[in-house]
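Trainee: With the sequence up front, the predicted model follows.
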Amino acid sequence: MATAVDLIREQGLRQLSMRPLAERLGATPMAVYKHVDNRDTLALLAVEAILQTLTLPEERLEPVAWLRQLAGRLRALGLAHRGVMEFLLDEGPVAHTSLVILDRTVRKLHDAGLPWKEAGALHNTFFSWLAGAVRRQEPWELSASGTPPPFQRFFDAAAALPASDYPGIAHSLPHMRATEVEREFEASLDFMLEGIQRRIDARRGPARKRPRSRQG
């Protein structure tokens, strides 16, 4: 599994298969099959090994601060191991550690006053966004120096539209062009967490509201 994780870090999860793993181990593919049934099982075990390196935030943190730290740690883990977030988007939290993260997140939100159903729905929305944000950034991390900025084709197409007919695009495009990857992620994370905080505040009532925290 350590060798499989190394391959994922170098080449991405999509490229992981029995043959390159066997070559790296100095063995034959059939030798690997004696330990792992198939490529799907190999991928699942590798994702599990990667997620096990994640340290969950301290339990004492407020829910939004806890989620902010968790998002940052999962994002770093996903960017370092391309394809893991895509795997979780496609398969769901099938790895045991991802189920632990799900359980801890839902319990954290429930303890803050949200019903189980709402806590579960918020978990699904938050982590679907997070996995998608990381998946979207992966190609940018691989871009060679001097390559066009992300979404250059979109910028060119949008800029060609008459501003009088598409005022929303005309006013938004300069800001979109100026947005950096890190800044965009933090801004979208703020949007997500603000919505979650509002739901928590609504359940707690005015007397029980607590100040938001940006610990990270």
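Mentor: Looks like it arrived, so ask away. Nothing here was measured: the structure is a model prediction, and the numbers come from that model.

Trainee: Quick check: which element contains the residue most central in space within the chain?
Mentor: The centre of the chain sits closest to A131, judged by CA atoms, centre = their mean, with a distance of 3.0 Å. Using DSSP states H and E, A131 sits within helix 116-142.

Trainee: Tell me the gap between the next helix or strand after that helix and the middle of its chain.
Mentor: Next in sequence after helix 116-142, counting helices and strands by DSSP H and E, comes helix 152-159. Chain-centre distance of helix 152-159: 26 Å, with CA atoms, centre = their mean, to the nearest Å.

Trainee: switch to numbering from 327
Mentor: Done: numbering now begins at 327, and the last item shifts to helix 478-485.

Trainee: Give me the buried positions along the very next helix or strand once past helix 478-485.
Mentor: Where DSSP H and E defines the elements, the next helix or strand beyond helix 478-485 is helix 493-504. Residues L499 are the ones in helix 493-504 that count as buried (16 or more other CB atoms under 10 Å). For every residue, glycine as well, the C-beta is placed using N, CA and C.

Trainee: Where do the domain boundaries of the chain fall?
Mentor: Using automatic domain parsing, the domains assigned to the chain come out as 327-379, 389-534.

Trainee: now the angle between helix 493-504 and the helix or strand E510 falls within, please.
Mentor: Taking DSSP H and E as the definition, E510 sits inside helix 507-530. With axes from the mean of the first three to the mean of the last three CA atoms, to 10 degrees defining the directions, helix 507-530 sits at 120 degrees from helix 493-504.

Trainee: Residues contacting helix 507-530, please?
Mentor: By CB atoms under 8 Å, 6 or more residues apart in numbering, the surrounding residues in contact with helix 507-530 are 389-390, 393-394, 397, 401, 435, 438-440, 444, 448, 451-452, 455, 459, 463, 466, 476, 505, 535-536, 538.

Trainee: Just the buried residues out of those, in PyMOL syntax.
Mentor: To isolate the buried ones among those in PyMOL, judged by 16+ other CB under 10 Å, type:
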select buried, resi 389+390+393+394+397+401+435+438+439+440+448+452+459+463+476+538
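
Trainee: what is the mean pLDDT for stretch 417-436?
Mentor: In this model, stretch 417-436 has an average pLDDT of 95.

Trainee: mind showing which ranges of this structure have poor pLDDT?
Mentor: Flagging of the chain using pLDDT under 70 yields the residue ranges 467-476, 532-542.

Trainee: what residue of it is the furthest out?
Mentor: The chain, farthest from centre, CA atoms, centre = their mean: S490 at 37.5 Å.

Trainee: Torsion angles phi and psi at it?
Mentor: In terms of degrees, to the nearest 10, the main-chain angles of S490 are phi -70, psi -30.

Trainee: Can you tell me how far it is from H497?
Mentor: 12 Å (CB to CB, to the nearest Å).

Trainee: residues near the closest residue to the residue nearest to the centre of the chain other than its chain neighbours, how many?
Mentor: Nearest residue to A457 in three dimensions, chain neighbours excluded: M411, at 4.2 Å (CB to CB, 6 or more residues apart in numbering). The number of residues packed near M411 is 26, by other CB atoms under 10 Å.

Trainee: Where does M411 sit, in terms of helix or strand?
Mentor: helix 410-417.

Trainee: re earlier: report the inter-axis angle for the helix holding E510 versus helix 442-468.
Mentor: For helix 507-530 against helix 442-468, the angle by the same axes, to 10 degrees is 170 degrees.
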